[in-house]
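Peer 1: Using only what follows, build the 3D model:
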Amino acid sequence: MSSRTIPVLFFFALSAACGGSIDILPDGGGNPDGGGGPDATPGPDCPAQAPSEGAACSKEGIECEYGGDPRWVCNTVSRCSGGHWSVGKEGDPSCPTAPVNPPPCPGSYAEAQQGGACSPNGTICNYSTSSATQFCTCNVLGGPIELDGGGAVWYCGQPYDPSCPAERPRVGSSCSVPAVHCSYDVCGLPSGLAVDCSEATGTWVTSPGEVCASAQ
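Peer 2: Numbers count the residues shown, from 1 in each chain. A predicted model of the protein is given here:
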């Protein structure tokens, strides 16, 4: 089942809806390198270095990612449009993804997947490795928010389409299943973990991820 078919029952802005802070932090037990690390190379049709703004390009619609953060929103993404490169960063205030998870995060991805009660609401944990993109959040999804802050449990993101790779593909790398959507986030957070396989270019391009309604 595609993640696009999941009912819109979740929240979109966890900190605003729930009054909790959002921590974007990876595994406290190591140094995760999901996303390819700082020396990750761009796709085969991308320049070796990020092109200059306005430089000429030949493959219309292609996007190329430069940087080693596991979330593309924290890296530089260049887009070829109208024969010229447009270069920019999203300006997400949670970037870059920090190297250590906060104390509330479970010790492992497997433990977080068990879905136990958690606090504070809005905490995000990164358990990504060089072979898999794995984020978990402490959320209240699809239910009332309790006044004492209770009700939150751990949720972990994973691509719902079986054709998606375990690790988030680099934007600009080749893909073979046109129109497939691969999202590694939990209800749209943290941002920069969703990609689409573009039929026009045969490469991965950025995607906004899932749209989630605020919990009431």
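
Peer 1: C-alpha from now on. contacts and neighbour counts both.
Peer 2: Fine.

Peer 1: Please pull out the lowest mean pLDDT helix or strand from the protein.
Peer 2: The weakest-scoring helix or strand in the chain, judged by mean pLDDT, DSSP states H and E, is helix 14-18 (a mean of 35).

Peer 1: In this model Val205 seems to touch Ile62, though I could be wrong.
Peer 2: Yes: proximity of Ile62 to Val205 meets the contact threshold set by Cα atoms under 8 Å, at 7.2 Å.

Peer 1: List the residues that are in contact with both of the two.
Peer 2: Residues touching both Ile62 and Val205 by Cα atoms under 8 Å, 6 or more residues apart in numbering: Gly172.

Peer 1: so who does the spatially most central residue of the chain touch?
Peer 2: The residue lying closest to the centre of the chain (Cα atoms, centre = their mean) is Leu193, at 1.6 Å. Contacts of Leu193 were listed using Cα under 8 Å, 6+ apart, and they are Pro70, Arg71, Trp72, Val73, Arg168, Ser183, Tyr184, Asp185, Gly209.

Peer 1: same thing but 7 Å
Peer 2: Arg71, Trp72, Arg168, Ser183, Tyr184, Asp185 (Cα atoms under 7 Å, 6 or more residues apart in numbering).

Peer 1: Give me the buried entries from those.
Peer 2: Arg71, Trp72, Arg168, Ser183, Tyr184, Asp185 (16 or more other Cα atoms under 10 Å).

Peer 1: Name whatever forms a beta bridge with the residue lying closest to Ile62 once chain neighbours are set aside.
Peer 2: Excluding the flanking residues, the one nearest Ile62 by Cα to Cα, 6 or more residues apart in numbering is Cys80, at 5.5 Å. Beta-bridge pairing for Cys80 (DSSP bridges): Trp85.

Peer 1: Quick check, Cys80 in contact with Ser86.
Peer 2: Yes: between Cys80 and Ser86 there is a contact under Cα atoms under 7 Å: 6.4 Å.

Peer 1: Show me where the chain has its helices.
Peer 2: Along the chain, the segments classed as helices by DSSP state H run 14-18, 109-112.

Peer 1: So for the residue nearest to Ile62, what's the pLDDT?
Peer 2: pLDDT for Cys80: 96.

Peer 1: Let me see the contact set for it.
Peer 2: Counting by Cα under 7 Å, 6+ apart, Cys80 touches Cys57, Lys59, Glu60, Gly61, Ile62, Glu63, Ser86.
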